[in-house]
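>>> Provided below for reference: sequence and predicted model.
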Amino acid sequence: MSGTANLVSTDMETVADEIRGGERYLLTTHEGPDGDALGSLLAMHHLLGRLGKDSVMFLAAKEFPLPIEYRFLPLEEVFHEQPADMADRTVVFLDCGNIDRMPFDFLRGDGRRVVNIDHHHDNTRFGDVNLVDVEASSTAEIVYALALHLGVEISPEMASALYVGLVTDTGRFMYENTNADTHRIAAALIDAGVDVNDTYRRLYEHVPLEKLRLVARALEAIERPCEGLAITYITEDDYEQTGSGEEMTEGIIDFLRSLEGVKVAAVIRELGSRGSAARKVSLRSSGDDVDVSAIAREYGGGGHVRAAGFSSDLGKDEIVEMLCSQVAGQPSD
């Protein structure tokens, strides 16, 4: 595989040794987890279980309910609080480019052993041990390679979780991070037990009416405040009027990115009581000429060149002005 084969062999072996030598692990990912984060988290949990290791998963309670698309994933065992034996556990971060994207002090205490497994190009290598492959299509791809390296047979449960990470982070195999190796891994996961039709329907075709009403309001509110930028603003009133919630905003931004002439799409949504910041901003770019992860990093967020996000206390107008300035500073097509 071109991505995982390009990993420095010592990085893979060092992480493999870390896994072989330990007994207790706590797994986590970034806040606002997407399909790759959740799929990689669940797959790594199964991987450690098959090795006879003690593994627990951690996500903050504020992340639940998860977006509709991911609620079928079997994450009932996720911890929302620090486990009592935390001092004995190695922390494994999955799909997290910066440790600040999971802001809990107990995950980084003095003497805490940290493993960092990720594919973001701006990963800060914050772990004691780092396995970062920026050529991989997803973190799920790296977890798959690690399982093979450790001699772990891919169970149907692992395969299903990894496939969710793979299909969502490649945009259903349409993004530029998709290559022949991506499809080979997908084929191997299907051979291991993935029901492609069932997974697709659960991810993309179990849409409640409330979400469609929210999508309609978001599309009606699209603005083109400056050349190359499309935004929509989702308010607390939008949620109330449609009977929906912030967790139902997944996928709305793809409509904006598909507009002709758009370089950057942004969905700005009010968080209300769900977060410490007032608003969350999701960003997508339609080409490599605008690195939205660089924009997000300036405001404490992160992500990929074409998909990123951040939280902010800035008002809508201030955010739009900033985005216009950023997009205008990029080269024209």
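Arrived safely, thanks for sending.
>>> residues in contact with stretch 42-57?
Stretch 42-57 has contacts (Cβ atoms under 8 Å, 6 or more residues apart in numbering) with 19-20, 22-28, 41, 73-75, 77-79, 83, 89, 92, 94, 117, 140, 143-144, 146-147, 150, 152-153, 155, 157-158, 161-162, 165. All C-beta atoms are positioned from the backbone trio N, CA, C, and that covers glycine.
>>> In PDB, list the C-alpha atoms belonging to that stretch.
Extracted C-alpha coordinates of stretch 42-57, given in PDB (Å, rounded to 0.1, in the frame of the first residue of the first chain):
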ATOM      1  CA  LEU A  42     -13.900   1.400  17.800                       C
ATOM      2  CA  ALA A  43     -11.600  -0.700  15.600                       C
ATOM      3  CA  MET A  44      -8.600  -0.100  17.800                       C
ATOM      4  CA  HIS A  45     -10.700  -1.200  20.800                       C
ATOM      5  CA  HIS A  46     -11.500  -4.400  19.100                       C
ATOM      6  CA  LEU A  47      -7.800  -4.800  18.000                       C
ATOM      7  CA  LEU A  48      -6.600  -4.500  21.600                       C
ATOM      8  CA  GLY A  49      -9.300  -6.900  22.800                       C
ATOM      9  CA  ARG A  50      -8.200  -9.500  20.300                       C
ATOM     10  CA  LEU A  51      -4.700  -9.200  21.800                       C
ATOM     11  CA  GLY A  52      -6.000  -9.800  25.300                       C
ATOM     12  CA  LYS A  53      -5.500  -6.200  26.400                       C
ATOM     13  CA  ASP A  54      -7.700  -4.100  28.700                       C
ATOM     14  CA  SER A  55      -9.100  -1.300  26.600                       C
ATOM     15  CA  VAL A  56     -11.600   1.500  27.400                       C
ATOM     16  CA  MET A  57     -12.800   4.200  25.100                       C
END
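>>> buried ones in it?
Within stretch 42-57, the residues that count as buried by 16 or more other Cβ atoms under 10 Å are 42, 43, 44, 45, 46, 47, 48, 50, 53, 55, 56, 57.
>>> which among those residues gets closest to residue 302?
residue 44 (20.4 Å; Cβ to Cβ).
>>> how far away is residue 194 from residue 119?
Separation of residue 194 from residue 119 (Cβ to Cβ, to the nearest Å): 20 Å.
>>> Residue 310 is in contact with residue 299, correct?
Yes. In this structure, residue 299 is within contact of residue 310 by Cβ atoms under 8 Å, at 4.1 Å.
>>> continuing past the longest helix belonging to the chain, what's the next helix or strand?
In the chain, taking DSSP state H as the definition, the longest helix is helix 35-50. The helix or strand immediately downstream of helix 35-50 is strand 54-57, counting by DSSP states H and E.
>>> what does the very next helix or strand once past that following strand rub up against?
Using DSSP H and E, the helix or strand that follows strand 54-57 towards the C-terminus is strand 90-94. The contact list for strand 90-94 (Cβ under 8 Å, 6+ apart) reads 18, 22, 24-29, 37, 40-41, 44, 99, 102, 107-108, 112-118, 126-127, 139, 143.
>>> And the helices in the stretch 151-300 of the chain?
Along the stretch 151-300 of the chain, the stretches classed as helices by DSSP state H, counting those that start in this stretch are 156-169, 180-191, 196-204, 209-220, 236-242, 252-257, 292-298.
>>> Can I get the longest one as PDB, trimmed to CA atoms?
As requested, the backbone C-alpha atoms of helix 156-169 are provided in PDB (Å, rounded to 0.1, in the frame of the first residue of the first chain):
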ATOM      1  CA  PRO A 156     -16.300  -8.600  11.100                       C
ATOM      2  CA  GLU A 157     -16.700  -6.000  13.900                       C
ATOM      3  CA  MET A 158     -13.300  -4.400  13.200                       C
ATOM      4  CA  ALA A 159     -13.900  -4.500   9.500                       C
ATOM      5  CA  SER A 160     -17.200  -2.700   9.800                       C
ATOM      6  CA  ALA A 161     -15.700   0.100  12.000                       C
ATOM      7  CA  LEU A 162     -12.700   0.500   9.700                       C
ATOM      8  CA  TYR A 163     -15.000   0.700   6.600                       C
ATOM      9  CA  VAL A 164     -16.900   3.500   8.200                       C
ATOM     10  CA  GLY A 165     -13.700   5.500   8.700                       C
ATOM     11  CA  LEU A 166     -12.500   4.700   5.200                       C
ATOM     12  CA  VAL A 167     -15.800   5.600   3.300                       C
ATOM     13  CA  THR A 168     -16.500   8.800   5.300                       C
ATOM     14  CA  ASP A 169     -13.000  10.300   5.100                       C
END
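>>> Could you check the angle it makes with strand 90-94?
In terms of direction (axes from the mean of the first three to the mean of the last three Cα atoms, to 10 degrees), helix 156-169 departs from strand 90-94 by 40 degrees.
>>> Can you give me the buried ones in helix 156-169?
Neighbour count says helix 156-169 has 157-169 buried, by 16+ other Cβ under 10 Å.
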